[in-house]
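Novice: What follows is a protein structure lacking sequence information:
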């Protein structure tokens, strides 16, 4: 009985250390410019106007807008309301770790998530067009989680 | 290509009951059949005339090299070194001295003769069973001289069929996307080549992004995705004439096209408002039908060879999985339940299997499963690979594989690879440039 408890404890300790090492490695891989696996840095970001970032980033296989993405898109919407002659193209992208055809659909879904959000902030749908490039146009050619996080994006580009 | 005339003139003898040599292609073959491909013989006059016409010194030898290379890449045959051959090609073709050929351990022997008649190339060949001392097959073909490589492929098809009991896949072509330049500014062109990597032709100039070309199984039409004028749409291309047209009139991106087995319809995805569904368009009456209707992504559709079912990729369960439905869109059923994500399902031309790409724990696999999803078998694992396409006899898969970039984002390559259904005989397929999205044609001749 005591022996089995002893082994149980050893087991728990081993398990705990395994979990801790796993956490440590994961943190290392994620790096400072990522939250979860969503890119939060500014490395590739361009600006539509002062303080108005042109892109939002997504988690792997996701098209949900993060709090930060919604903030960026609200700024874009405000800028677009002020510049009512500007039309935009939303370019949806995926990272290289997925099959080509699914990624085309995923890119389209991401760009539309951004489009829907701009529309709820008063931007007319006929000012916004959408194109998906799937994984065909990465901004970062690296093969690591940070590079991939920069490539999972929807970029708002002036169309005129 | 339409100008090719292939007459089967002699069909002397091909009784299967006499066959002593047979090659089992259902298992990985660790003892490939030793076969001697004697140079196709020709006389001096023929050689001189052919050299004038084609600038090739010994065409018979070159044709035999085509055959040898084809046989070797199957992994089922071991073509023997010609240096060891004792008998002269012209004599061997008339009456092989079987003792000489069995001395160098050949079990099968291929001999032939090439002639130029009236500007037409006439090639005859014989397949011999060395141990039984018998002729197994004898055929002759006539064509224009510049099609000499095809003659080599057709001979290989006949030999393969005679020895394995199944149709070959050598007189076929591969259409693919040729890639150049850095990853962030990749230039992509449609390219077509013979199955063995020769006669590469580029069908687009690289001005616009092109993806996922697929052959019509019944003719030389191709469907693919082009970003012409920055509008991603499915196109139809006639590779004989170069004429192309947009498929349908969709207010958004169409992608992931494939032909129906009768070649009369294109099945594809149409994406709108963040949702991709599967549609078909009849190429004769232009009628468009919506096949799936689901808020999830539905893409990568592929018909069963009898046209009654469609397998496709959907994330309606939350993640990419493989589904099968009736071709009218009814009776949708998920068939992939293994660990990981599944994509790019393609129905085998034999009907019994579906090939797919699987992503699990950061690795990509090419595999096959039965059409009910049972019997999953992973054939190859790598850093990145996807998009299998079946050889017309359903025995080999061609796909593309990408390498990891280094820390500087360099060292990226994309290449075509093939692997047997057995999981053996994995091979790099030679292409002039980097390559992806291969699609295998049907047999050009039968």
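Specialist: That came in fine, so what should we check first? Keep in mind that this is a model prediction, so the values were computed, not measured.

Novice: in stretch B:377-387, what's buried?
Specialist: B:378, B:379, B:380, B:382, B:384, B:385, B:386, B:387 (16 or more other C-beta atoms under 10 Å in any protein chain shown). The way it works is simple: take the backbone N, C-alpha and C, and place the C-beta from them, glycine included.

Novice: After the helix or strand of chain A with the lowest mean pLDDT, heading C-terminal, what element do we hit next?
Specialist: Ranked by mean pLDDT, DSSP states H and E, the weakest helix or strand in chain A is helix A:2-30, scoring a mean of 45. Moving toward the C-terminus from helix A:2-30, the next helix or strand (DSSP states H and E) is strand A:34-35.

Novice: Determine the set of other helices and strands touching that next one.
Specialist: helix A:145-151 (3 or more C-beta pairs under 8 Å, 6 or more residues apart in numbering or on different chains; DSSP states H and E).

Novice: outside of the helix it packs on, which residues touch it?
Specialist: Helix A:145-151 is contacted from outside by A:29-31, A:33-34, A:37-39, A:41, A:43-44, A:57, A:60, A:93-97, A:135, A:138-142, B:405, B:409, using C-beta atoms under 8 Å, 6 or more residues apart in numbering or on different chains.

Novice: And the pLDDT for residue 147?
Specialist: Let's take chain A. Listed pLDDT for residue A:147 reads 96.

Novice: Actually, chain B is the one I wanted.
Specialist: What the model reports as pLDDT for residue B:147 is 94.

Novice: Take the contacts of helix A:145-151 and keep only those in strands.
Specialist: A:34, A:38, A:39, A:57, A:93 (DSSP state E).

Novice: okay, those residues in JSON lines with pLDDT and neighbour count next?
Specialist: Converted to JSON lines, these look like this (pLDDT from 0 to 100; neighbours: other C-beta atoms under 10 Å in any protein chain shown):
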{"residue": "A:34", "pLDDT": "93", "neighbour count": "19"}
{"residue": "A:38", "pLDDT": "97", "neighbour count": "19"}
{"residue": "A:39", "pLDDT": "97", "neighbour count": "29"}
{"residue": "A:57", "pLDDT": "98", "neighbour count": "27"}
{"residue": "A:93", "pLDDT": "98", "neighbour count": "27"}
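
Novice: Mind putting the buried residues of stretch B:377-387 into TSV with secondary structure, pLDDT and distance to chain A?
Specialist: TSV is the format used below for the buried residues of stretch B:377-387 (DSSP: H, G, I helix; E, B strand; the rest coil; pLDDT from 0 to 100; distance: C-beta to the nearest C-beta, whole Å):
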residue	secondary structure	pLDDT	distance to chain A
B:378	strand	97	16
B:379	strand	97	16
B:380	strand	97	15
B:382	strand	97	13
B:384	strand	97	7
B:385	strand	98	10
B:386	strand	98	5
B:387	strand	97	7
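
Novice: what mean pLDDT does stretch B:436-446 have?
Specialist: In this model, stretch B:436-446 has a mean pLDDT of 92.

Novice: and it, how far from the chain's centre?
Specialist: Offset of stretch B:436-446 from its chain centre (C-alpha atoms, centre = their mean, to the nearest Å): 4 Å.

Novice: Return the set of buried residues in that stretch.
Specialist: Neighbour count says stretch B:436-446 has B:436, B:437, B:438, B:439, B:440, B:441, B:442, B:443, B:444 buried, by 16+ other C-beta under 10 Å.

Novice: Could you do stretch B:341-357 as well?
Specialist: Neighbour-count burial for stretch B:341-357 [16+ other C-beta under 10 Å]: B:341-349, B:353-357.

Novice: Just flag the most distant two among those residues.
Specialist: Comparing every pair within the buried residues of stretch B:341-357 by C-beta to C-beta identifies B:341 and B:349 as the most remote, at 25.4 Å.

Novice: circling back: between the buried residues of stretch B:436-446, which is nearest residue B:45?
Specialist: residue B:444 (30.4 Å).

Novice: With distance to residue B:113 as extra columns, can I get the buried residues of stretch B:377-387 in CSV?
Specialist: CSV is the format used below for the buried residues of stretch B:377-387 (distance: C-beta to C-beta, whole Å):
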residue, distance to residue B:113
B:378, 46
B:379, 40
B:380, 41
B:382, 45
B:384, 48
B:385, 43
B:386, 45
B:387, 42
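
Novice: Burial check on residue 40, number of neighbours?
Specialist: Defaulting to chain A. When neighbours are defined as other C-beta atoms under 10 Å in any protein chain shown, residue A:40 has 14 of them.

Novice: The intended chain is chain B.
Specialist: Neighbours around residue B:40, by other C-beta under 10 Å: 30.

Novice: if we can go back for a sec, closest to residue B:35 among the buried residues of stretch B:377-387?
Specialist: Distances from residue B:35 to these, taken by C-beta to C-beta, are shortest for residue B:379, at 25.9 Å.

Novice: returning to what we had before: so how do I select the buried members of the contacts of helix A:145-151 in PyMOL?
Specialist: To isolate the buried ones among those in PyMOL, judged by 16+ other C-beta under 10 Å, type:
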select buried, (chain A and resi 34+37+38+39+44+57+93+94+95+96+97+135+138+139+140+141+142) or (chain B and resi 405+409)
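
Novice: Residue in the stretch 1-150 of chain B with the shortest distance to chain A?
Specialist: Residue nearest to chain A within the stretch 1-150 of chain B (C-beta to the nearest C-beta): residue B:73, separated by 26.2 Å.

Novice: Could you report the neighbour count for the nearest residue to residue B:404 once chain neighbours are set aside?
Specialist: Leaving out its chain neighbours, the residue that sits closest to residue B:404 by C-beta to C-beta, 6 or more residues apart in numbering or on different chains is residue A:143, at 4.2 Å. By other C-beta under 10 Å, the residues close to residue A:143 number 22.

Novice: Check residue B:238 too.
Specialist: The tally of other residues near residue B:238 (other C-beta under 10 Å) stands at 14.

Novice: which residues does it contact?
Specialist: B:220, B:221, B:222, B:244.
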